[in-house]
Structures are given as structure tokens and as C-alpha cells.
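**Student:** just coords:
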């Protein structure tokens, strides 16, 4: 059983997963889905073109 767990851990470490967020370029806040759709940041009250940010999970 230990060998199986060790093998699974090695596979998970090699696998790189990314999480994608959309940020407001003006205030660097993560936008909610409605904000992305409306292209409007509620914090800074500006019309924005969301920028995509990828982060390793």
C-alpha cells in the first residue's frame, strides 16, 4: 500500500495544474463572474477589460 501512495504522490507532484482568475487592471482585485460578464469592477467602479491571471495550484 505504501508503494501505491508514494507513486500517487509522485504523479501529483509532476502534474501542474493552473487556476485562472480575472483581475481588474485598475485595482488588482479578483473579479466575480457577473463583473467579468458586465466588464465592470464594483470596488473601483470602473469599466474594465479583465486581464487573465494564471496561478499554479
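**Tutor:** Sure, I can see it. From a predicted model like this one, the values you see are computed outputs, not experimental measurements.

**Student:** in the chain, which spans are helices?
**Tutor:** Assigned by DSSP state H, the chain shows helices spanning 2-14, 33-38.

**Student:** pick out the shakiest of those, pLDDT-wise.
**Tutor:** Sorting the helices of the chain by mean pLDDT places helix 2-14 lowest, at a mean of 65.

**Student:** what's stretch 40-51 in contact with?
**Tutor:** The contact list for stretch 40-51, computed with CB atoms under 8 Å, 6 or more residues apart in numbering, reads 22-27, 29, 31-32, 35-36, 39. C-betas here are computed from N, CA, C, even on glycine.

**Student:** kindly recompute the last result at 7 Å.
**Tutor:** Applying CB atoms under 7 Å, 6 or more residues apart in numbering, the contact partners of stretch 40-51 are 22-27, 29, 31, 35-36, 39.

**Student:** now the buried members of these.
**Tutor:** For the contacts of stretch 40-51, a burial check counting by 16 or more other CB atoms under 10 Å picks out 22-24, 31, 35-36.

**Student:** want to throw the residues you listed into a markdown table with distance to residue 2?
**Tutor:** Output for the buried ones among the contacts of stretch 40-51, formatted as a markdown table (distance: CB to CB, whole Å):
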| residue | distance to residue 2 |
| --- | --- |
| 22 | 42 |
| 23 | 42 |
| 24 | 47 |
| 31 | 44 |
| 35 | 47 |
| 36 | 45 |
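
**Student:** and which of those is nearest to residue 53?
**Tutor:** Proximity of the buried ones among the contacts of stretch 40-51 to residue 53 (CB to CB) peaks at residue 23, which lies at 5.2 Å.

**Student:** buried residues in stretch 37-49, which are they?
**Tutor:** Of the residues in stretch 37-49, 40-41, 48 count as buried by neighbour count, 16+ other CB under 10 Å.

**Student:** just the residues you listed: which are in strands?
**Tutor:** Residues of the buried residues of stretch 37-49 located in strands (DSSP state E): 40-41.

**Student:** okay, the buried residues of stretch 37-49 in TSV with distance to residue 54 and pLDDT next?
**Tutor:** Listed next are the buried residues of stretch 37-49 as TSV, based on distance: CB to CB, whole Å; pLDDT from 0 to 100:
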residue	distance to residue 54	pLDDT
40	23	87
41	20	89
48	18	84
